[in-house]
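# Fold the following, please.
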Amino acid sequence: RIVGITCSAGKTSTKDMVAMVLSAFGKTYATRRSFNSTVTVPLSLACADVELNYGVFEMGMNHAGEIEMLTKMVRPHIAVVTNVAPAHLQHFESVEAIAQEKAAIFLGLPSDGFALIPGDNPQRSILESVARVKGIKNIYSFGQSLDCQAQVIKSYGREGRFYHDVLIFGKPYTFSFEMPGIHWAYNGLVSLLVAHILGLDLQKVCTLLETYKPTERRGVPTLLRNDILLVDESYNANPLSMKMALESFGERSVGGRKIVILGDMRELGARSEALHKELKESIIKSGASVVLTCGEVIKALHHTLEETIEAYHFDSVDTLIEKLLNFPKAHDAVMVKASLSMGFIKIIETL
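Numbers count the residues shown, from 1 in each chain. Next up is the predicted model:
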């Protein structure tokens, strides 16, 4: 059975979590790294062993028509849209247009396939409409809404872990992660829904989820000298993934300051400056006491922060690093996030 996954933020983490779960039940192949483009999805398919129990493939896009092309190659039995948000707006006129493109993943499903949809997302109706027009009868949703087949009931932290009480078709389960954030709970819901569809043991799935470790550069926590916590979110960034990362960072308890290092989010078109400014609310909610920014567009965010928080802006990664080298103190926590092309991996390596 083949699972296809697309979304605006978190494709690789969701894919890796689902693949980890399925590999405990049978021979599983999953997309390597972030090979989700019109070039690398065919490469992933070519590398997959024909003698498989399960395959998990992520599909990405930045232009119209790409998801339909990819899903008709992958031909999933279960197609997942984890979320829809402003991303690649340089090539799409609206978030609704992005939703239409993401919903194209359902065009690769057989009529008896399964469409999994984010029940709390504003674009839910567009996703459901595309699935229905395709003739998909099995449409399941996940989230916090009461009508979701997979629903988060309660989330809470305890002894350094973060627990989620959920209902899967009315039956209660609990799983936990070392990472805070409701988006991780949603990834867990997707894993449980996929397992339910495939007839697997959901209690075993919950146990497996407790062993999940974040994918490299996507929320990985590292304890440095002097108990300084580094949270590496440097792989990529768009408005939704930024807000999710800041929310997750805000749920962490630390003994010192929370320091946030942010860079430009790319491919946002005419709304880019406004979308950067909108991060202010998420930054304040995160409890960050210091914000360091680097990039051309994110300078607009810096100007909105100057009067309310300790904020510094830098024109290059190198000058930011010069400031940073002796900046974090014992028990501080540092989160780093920007679009991949900003080169913030150099900051991570330096720290």
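
# And the helices in this structure, which stretches?
Along the chain, counting by DSSP state H, helices occupy 11-23, 40-47, 66-74, 95-103, 124-133, 182-197, 202-209, 239-250, 272-277, 279-285, 299-305, 317-324, 345-350.

# pLDDT wise, what is the closest residue to Met61 other than its chain neighbours at?
Using C-beta to C-beta, 6 or more residues apart in numbering and skipping residues adjacent in sequence, the residue nearest Met61 is Ile67, 5.1 Å away. The C-beta positions use only the backbone N, C-alpha and C, and glycine is treated the same way. At Ile67, the model reports a pLDDT of 97.

# Can you give me every residue that contacts Ile67?
6, 59, 61, 101-102, 104-105 (C-beta atoms under 8 Å, 6 or more residues apart in numbering).

# Please name whichever of the helices of the chain is nearest to Val84.
Nearest to Val84 among those is helix 95-103; the distance by C-beta to C-beta comes to 4.6 Å.

# Summarise which helices and strands the closest one is packed against.
On a contact count with 3 or more C-beta pairs under 8 Å, 6 or more residues apart in numbering; DSSP states H and E, helix 95-103 meets helix 66-74, helix 124-133.

# Flag every buried residue along the longest one.
For helix 124-133, the neighbour count (16 or more other C-beta atoms under 10 Å) marks 124, 126-128, 130-131 as buried.

# Can you tell me which of these comes closest to Arg252?
Distances from Arg252 to these, taken as C-beta to C-beta, are shortest for Arg124 (29.9 Å).

# if we can go back for a sec, format the helices and strands packed on helix 95-103 as TSV; extra columns: distance to Lys213.
Formatted as TSV, the helices and strands packed on helix 95-103 follow (distance: least, C-beta to C-beta, whole Å):
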stretch	distance to Lys213
helix 66-74	26
helix 124-133	30
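
# Among the ones you listed, which comes closest to Leu229?
Closest of the helices and strands packed on helix 95-103 to Leu229 is helix 124-133, at 35.4 Å (criterion: C-beta to C-beta).

# Hey, what's the angle from that closest one to helix 95-103? Just curious.
Counting by axes from the mean of the first three to the mean of the last three C-alpha atoms, to 10 degrees, helix 124-133 points 40 degrees away from the direction of helix 95-103.

# Tell me the gap between helix 124-133 and the middle of its chain.
With C-alpha atoms, centre = their mean, to the nearest Å as the basis, helix 124-133 stands 22 Å off its chain's centre.

# what's the answer for stretch 267-286, then?
How far stretch 267-286 lies from its chain's middle: 17 Å, per C-alpha atoms, centre = their mean.

# What residues sit buried inside that stretch?
Here stretch 267-286 shows 268, 272, 275-279, 282-283, 286 as buried, counting by 16+ other C-beta under 10 Å.

# Now do it: distance from first to last residue.
25 Å (C-alpha to C-alpha, to the nearest Å).

# Please work out how many residues are found near Ser176.
Other residues lying near Ser176 total 21 when counted by other C-beta atoms under 10 Å.

# is it true that it touches Leu208?
No. Ser176 is beyond contact range of Leu208, at 11.7 Å (criterion: C-beta atoms under 8 Å).

# Quick one: list the elements packing against the least confident helix or strand in the chain by mean pLDDT.
Lowest by mean pLDDT, DSSP states H and E among the helices and strands of the chain is strand 220-223, with a mean of 90. If contacts are counted by 3+ C-beta pairs under 8 Å, 6+ apart, strand 220-223 sits against strand 229-233.

# can you do 10 Å?
strand 229-233, strand 333-337 (3 or more C-beta pairs under 10 Å, 6 or more residues apart in numbering; DSSP states H and E).

# Make a markdown table out of these and add mean neighbour count and distance to Gln90.
A markdown table is the format used below for these (neighbours: other C-beta atoms under 10 Å; distance: least, C-beta to C-beta, whole Å):
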| stretch | mean neighbour count | distance to Gln90 |
| --- | --- | --- |
| strand 229-233 | 22 | 22 |
| strand 333-337 | 25 | 20 |
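
# Including distance to Ser37 and mean pLDDT, could those strands go into JSON lines?
Putting the helices and strands packed on strand 220-223 into JSON lines (distance: least, C-beta to C-beta, whole Å; pLDDT from 0 to 100) gives the following:
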{"stretch": "strand 229-233", "distance to Ser37": "22", "mean pLDDT": "94"}
{"stretch": "strand 333-337", "distance to Ser37": "22", "mean pLDDT": "97"}
